[in-house]
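Next comes the sequence, and after it the predicted model I'd like to discuss.
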Protein chains: 2
Amino acid sequence: MTEFELIDRFFKAKAARLAQQRRDTGSTSPVRLGIGDDCALLQPDSGQQIAISTDMLVENRHFLPDVAPDALGHKALAVNLSDLAAMGAEPLGFTLALALPPERAADETWLDAFGDGLLKLATEHACPLVGGDTTAGPLNLCITVFGQVHPGQALRRDGARPGDEIWVSGTLGDARLALGVLRAEWSLPPGAFAAARARLERPAPRLALGLALRGIATSCLDVSDGLIGDLGHILDASGVGATLREVLLPQPAALAELPATEASLWGTAARRALLLAGGDDYELAFTAPPERHAAVLTAGAHTGVAVACIGRITAGSGLRVLDAAGDPVDIHALHSFDHFAN
Amino acid sequence: MTEFELIDRFFKAKAARLAQQRRDTGSTSPVRLGIGDDCALLQPDSGQQIAISTDMLVENRHFLPDVAPDALGHKALAVNLSDLAAMGAEPLGFTLALALPPERAADETWLDAFGDGLLKLATEHACPLVGGDTTAGPLNLCITVFGQVHPGQALRRDGARPGDEIWVSGTLGDARLALGVLRAEWSLPPGAFAAARARLERPAPRLALGLALRGIATSCLDVSDGLIGDLGHILDASGVGATLREVLLPQPAALAELPATEASLWGTAARRALLLAGGDDYELAFTAPPERHAAVLTAGAHTGVAVACIGRITAGSGLRVLDAAGDPVDIHALHSFDHFAN
């Protein structure tokens, strides 16, 4: 199979079928020219800004070699869509660059399932594959995603103000909980593991919530490297500090459902690390003025995503986390995921 | 050095300096938000289409491990800018995703030179670095580039019509000529090698020519995989055939300057393979109606790029190459570069 046959077979034809399904439902597409020319051509709505994000996924660092290929396809796009969500942008399309070792390039079952997982999520969020590149090499996936947002409406990191409430969507720590089982650091009952693993392998990008938060949130990002590390980016960019209340952090459902014997594993320190520093959750962390509290709750309710108010932005700098008794938690022992530090 | 420090030090700070230089010259930038948020934000001119291309470069396949890092930085962006050129699009910006093995991530001299080569070309073509991703992994560079083009003006592959003249910019085979020396397939005198090597390692994207060909060319692409293979894409997309005249193909200056002893190495068959199937030249191949012949020559002259008329589009299908005597050349023995076939 040559490079061109591979693209045609597993991506171009599949993407064209999905695009046709979309046209059949009466939706219009911004794609004026898709896979197969020197460039793809997209037509954004007039006057819109283009939001762009790129992520590179490497085997053994971002995913394990035995990950299900459809889950890998899903996640590779989901982490990029999550960046559009965090910006409050509406998806326009994405490109895929793929380096495949010979055994993967020859594995049609793997390629087919990878393409399915990727393009199913793309269709769900009306984000078509518009172009790409395929080469031989150590397995590497690079997706670049494009969205549009009205000038001035993007949810940036630098708009948090003292007094703003701090919110997070969904629950925190689920992905890290599942990763620990896969790494044999701990075990979970099958049902709890399955729930956490779905969050690790098939994160749901919070696009609808991001769109609903435009005009409400003062800052926003997605939690990919752990809450403390990521929230730190908002604080740095906005020139503010923050105080979080530990008891308000939304916990993985899997933890709440543990039998008492397993639950004892998850004492304060372990639970704290999971919630404050567990990465890969792809939930939105954002700030909004207290007078928009009800509007945030409504945005969550309308988009079917739980939202929890977990603290406040303060003047000055630095992040404090208070425990149930109101005492400061030592967060220096926790550290956020860094691709070169570990 | 953490991921964030690496980005800050070698890319963000450098890109910011270059952007400031540009503002100092009074140029406006489409970048509304650069490196450091979930997404970059670009503001294209109202109503424009967005042209997008992505390329992934892998060590030992697209470049040799000992390539000069500034040349690598130049080429990684140049091959993407060449796709914008082939579309007749004006650059808006690019993203860089970079997987680095530990020894590269720790090599500040290498990173600094790579960043210099990359961002110098970016500045030259007013194409700012707007975002990216950095991770540990086998060396891999993925650049995605964005441009804008007025609806209907993009130079696509599917517009060639019978009777159109076929043109190519610059010269063909230079990059393959240099690669052969690096691979010890043949040798060249130092001056000839230096000239060919510059074409291999620092190709000049033909952006000005691509812009000048809007409204003149009926189809266009860049020659990255060899003339025959790439021209085949225009023929397939346009549903036409073509006849090329071998004597009209523009030859590398290095070949013309060879002493008689080396020149004899480059008999008909070798020279033919070089010109018709040598890859990596990043020249534009395009078609235009014969009544626009003078307009094409003017576009070349105004942008300082030689253009050569090398044949005609024909009805039907298939590509024929005629030798000096008017006899068909056997082109099946030549084959275009394919990333999985060799």
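Happy to help now that I have it.

And for residue A:104, the neighbour number?
16 (other Cβ atoms under 10 Å in any protein chain shown). Placement of C-beta: from N, CA and C, glycine included.

List the buried residues of the one helix or strand it maps to.
Per DSSP states H and E: residue A:104 is located in helix A:102-105. By neighbour count on 16 or more other Cβ atoms under 10 Å in any protein chain shown, the buried set for helix A:102-105 is A:104-105.

helix, strand or coil for the closest residue to residue A:76 other than its chain neighbours?
Using Cβ to Cβ, 6 or more residues apart in numbering or on different chains and skipping residues adjacent in sequence, the residue nearest residue A:76 is residue A:141, 4.8 Å away. Following DSSP: H, G, I helix; E, B strand; the rest coil, the label given to residue A:141 is strand.

residues contacting residue A:141?
Residue A:141 sits next to A:56-57, A:72, A:76, A:96-98 when contact means Cβ atoms under 8 Å, 6 or more residues apart in numbering or on different chains.

phi, psi of residue A:35?
phi -60, psi 140 (degrees, to the nearest 10).

In contact with it, which residues?
Each residue near residue A:35 by Cβ under 8 Å, 6+ apart is listed here: A:7, A:11-12, A:15, A:129-132.

filter those residues by proximity to chain B?
The overlap between the contacts of residue A:35 and the neighbours of chain B (Cβ under 8 Å from any Cβ of the partner chain) comes to A:130-132.

residues in contact with stretch A:13-31?
With Cβ under 8 Å, 6+ apart, stretch A:13-31 has contacts from A:34-35, A:40-45, A:92-93, A:115-116, A:119, A:122-123, A:126, A:128-130, A:148.

Tell me the buried residues within the residues you listed.
Listed as buried from the contacts of stretch A:13-31 are A:34-35, A:40-44, A:92-93, A:115-116, A:119, A:122-123, A:128-130, A:148; burial here means 16+ other Cβ under 10 Å.

Could you list the domains of chain A?
Per automatic domain parsing, the structural domains of chain A span A:3-149, A:165-322.

Measure how far the first one is from the centre of its chain, please.
In terms of Cα atoms, centre = their mean, to the nearest Å, the centre of domain A:3-149 is set 15 Å apart from its chain centre.

Give the pairing partners of the strand or helix carrying residue A:287; include direction for each.
Here residue A:287 sits within strand A:283-288, counting by DSSP H and E. With DSSP bridges as the test, strand A:283-288 is paired with strand A:165-169 (antiparallel), strand A:219-223 (antiparallel).

re the thing from before, looking at the domains of chain A, which is buried most?
domain A:3-149 (a mean of 21; mean count of other Cβ atoms under 10 Å in any protein chain shown).

what's the nearest residue to residue A:172 if we skip its chain neighbours?
residue A:275 (4.7 Å).

what's the one you found in contact with, if anything?
By Cβ under 8 Å, 6+ apart, the residues touching residue A:275 are A:172-173, A:227, A:246, A:249, A:251.

Could you report the pLDDT at it?
On the pLDDT scale, residue A:275 is placed at 92.

how close does it sit to residue A:310?
Distance, residue A:275 to residue A:310, using Cβ to Cβ, to the nearest Å: 10 Å.

After the helix or strand where residue A:299 lies, which helix or strand is next? Please name it.
Using DSSP H and E, residue A:299 falls within helix A:293-303. Sequence order places strand A:307-314 as the next helix or strand after helix A:293-303, per DSSP H and E.

Extract the C-alpha set from the helix holding residue A:104 and format it as CSV.
Taking Å, rounded to 0.1, in the frame of the first residue of the first chain, the C-alpha atoms of helix A:102-105 are listed here in CSV:
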residue,chain,number,x,y,z
PRO,A,102,5.9,-0.5,8.9
GLU,A,103,3.9,-3.0,11.0
ARG,A,104,1.2,-0.3,11.6
ALA,A,105,1.1,0.8,8.0
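
And the helix or strand following that helix, what does it pack against?
Going down the chain from helix A:102-105, the next helix or strand is helix A:108-124, by DSSP H and E. Applying 3 or more Cβ pairs under 8 Å, 6 or more residues apart in numbering or on different chains; DSSP states H and E, one finds that helix A:108-124 makes contact with helix A:13-24, helix A:69-87, helix A:102-105, strand A:129-136.

now with 6 Å?
The elements that helix A:108-124 packs onto, with contact taken as 3 or more Cβ pairs under 6 Å, 6 or more residues apart in numbering or on different chains; DSSP states H and E, are helix A:13-24, helix A:69-87.

got those as CSV, with mean pLDDT columns?
Below are the helices and strands packed on helix A:108-124 laid out as CSV (pLDDT from 0 to 100):
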stretch, mean pLDDT
helix A:13-24, 73
helix A:69-87, 96
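
which ones are touching the closest residue in space to residue A:89 that isn't next to it in sequence?
Nearest residue to residue A:89, sequence neighbours excluded (Cβ to Cβ, 6+ apart): residue A:147, at 3.2 Å. When contacts are counted by Cβ atoms under 6 Å, 6 or more residues apart in numbering or on different chains, residue A:147 touches A:51, A:84, A:89-92.

how about low-confidence regions in the stretch 51-200 of chain A?
Within the stretch 51-200 of chain A, no stretch has pLDDT under 70.

Pull up the residues of it that are close to chain B.
Within reach of chain B by Cβ under 6 Å from any Cβ of the partner chain, the stretch 51-200 of chain A has these residues: A:51-56, A:58, A:61, A:83, A:86-87, A:95, A:97, A:99, A:133, A:135-138, A:140, A:142, A:144, A:154, A:156-157.
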